[in-house]
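Undergrad: please work out how this folds:
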Amino acid sequence: MAIAPYELVQKQSLPLDCKVRLATLRIEQWHERFAGKTYVAFSGGKDSTVLLHLVRAMYPDTPAVFFDTGLEFPEIRDFVSTIPNVTWMKPKMTFRSVLSTHGYPVVSKRVARYVNDLVRESPKNTSTCNLRRTGMNRAGEYCPSMKLSKKWMYLVGAPFRISDKCCKIMKHQPASLYCKTTGRKAMTGEMASDSRGRAKTYLRHGCNSFDSKTPVSRPLSVWNESDVWEYLKTENVPYSKIYDMGYHRTGCAFCAFGAHLEKPPNRFQLMKTTHPKLWEYCMTKLGMREVLDFIGVKYEP
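TA: Coordinates of the predicted model:
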């Protein structure tokens with residue numbers, strides 16, 4: 001079900017009450033399609049908080065699942081612990097093990113994956129590495145999105161490993177296990193406005209991806225961040241106090257994806273002020289000081 005970009009723009013410009021109606025319709029369709037065997041992927045962040053509120057207003061017994069990576073701010077964990085009917089799922093590996101085994105998450109998932117491909121170059125992946133360097137595939141077609149930008153080519157020589165595997169190991173694998181064990185299908189609070197990748201996903205599948213290899217519903221796809229805050233305020237929905245401490249993103253505290261794009265104080269500079277012990281662990285025990293120095297991201301306030 002392909003959606004034209006202008007349709008996304010039109011829906012993103014709708015007032016909040018219209019977006020609420022669209023979201024509830026998608027939730028209802030998802031619930032009916034899978035006979036109520038659904039759940040909300042609940043991160044404790046503001047987006048999934050809104051989604052859970054919408055879903056439980058319609059289906060109060062819908063379970064939520066918190067994927068406990070151990071990387072969350074304590075304020076997120078405290079908030080999640082106040083929500084009823086939440087299953088906590090842990091990954092099989094710790095973040096430190098992921099870093100030592102696979103590498104650090106830097107810049108973006110795509111850049112980290114491409115760098116990792118080039119670092120592991122061998123006779124078995126010659127065509128892939130050629131694609132990453134030149135953008136030319138086996139058919140001789142130029143695919144610029146498959147090429148590692150010259151700006152980031154220096155990362156191939158980094159004195160530490162780089163990888164995009166952390167999200168797969170820390171979140172996706174536990175999610176797959178939960179789905180396989182329970183037969184339930186996920187609803188997430190992702191929005192097309194979050195990133196170009198999520199916008200492309202919406203244009204390809206819409207809110208409800210029924211026929212994907214891993215079916216998933218994204219009822220808030222056409223919402224914007226301002227809609228989320230308006231809903232929280234008007235509906236008087238409790239949310240994690242981490243947002244009142246200056247944070248705009250509340251994913252994994254130690255993740256460096258996108259950190260180079262943030263204006264000061266970035267997530268690491270802010271962390272030293274709000275969570276100095278967490279900051280020290282990140283810089284010293286996890287080795288992020290060397291990583292951030294190498295990619296030019298400041299971490300001191």
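Undergrad: measure residue 191 to residue 181 for me?
TA: 28 Å (CB to CB, to the nearest Å). In short, each C-beta sits where N, CA and C put it, glycine included.
Undergrad: okay, those two: which has more neighbours?
TA: In terms of neighbours (other CB atoms under 10 Å), residue 191 is the more surrounded of residue 191 and residue 181; the figures are 22 against 9.
Undergrad: what is the rounded mean pLDDT of the helix or strand where residue 115 lies?
TA: Assigned by DSSP states H and E, residue 115 belongs to helix 109-119. Per-residue pLDDT values over helix 109-119 give a mean of 96.
Undergrad: by contact count, what packs against that helix?
TA: helix 126-134 (3 or more CB pairs under 8 Å, 6 or more residues apart in numbering; DSSP states H and E).
Undergrad: buried residues in the helix or strand just after the helix it packs on?
TA: Next helix or strand after helix 126-134 toward the C-terminus (DSSP H and E): helix 165-167. By neighbour count on 16 or more other CB atoms under 10 Å, the buried set for helix 165-167 is 165, 166, 167.
Undergrad: which secondary structure elements does helix 165-167 contact?
TA: Helices and strands touching helix 165-167, by 3+ CB pairs under 8 Å, 6+ apart, are helix 95-101.
Undergrad: beyond the helix it packs on, next helix or strand please.
TA: Downstream of helix 95-101, the next assigned helix or strand under DSSP H and E is strand 106-107.
Undergrad: now do the contacts for residue 286.
TA: Residue 286 makes contact with 95, 96, 99, 254, according to CB atoms under 8 Å, 6 or more residues apart in numbering.
Undergrad: what about the residues you listed, which one has the most neighbours?
TA: That'd be residue 254 among these, by other CB under 10 Å, with 24 neighbours.
Undergrad: per-residue pLDDT, the residue nearest the centre of the chain?
TA: Centroid-nearest residue in the chain: residue 251, 7.1 Å away (criterion: CA atoms, centre = their mean). What the model reports for residue 251 is a pLDDT of 83.
Undergrad: next: residue 206.
TA: On the pLDDT scale, residue 206 gets 95.
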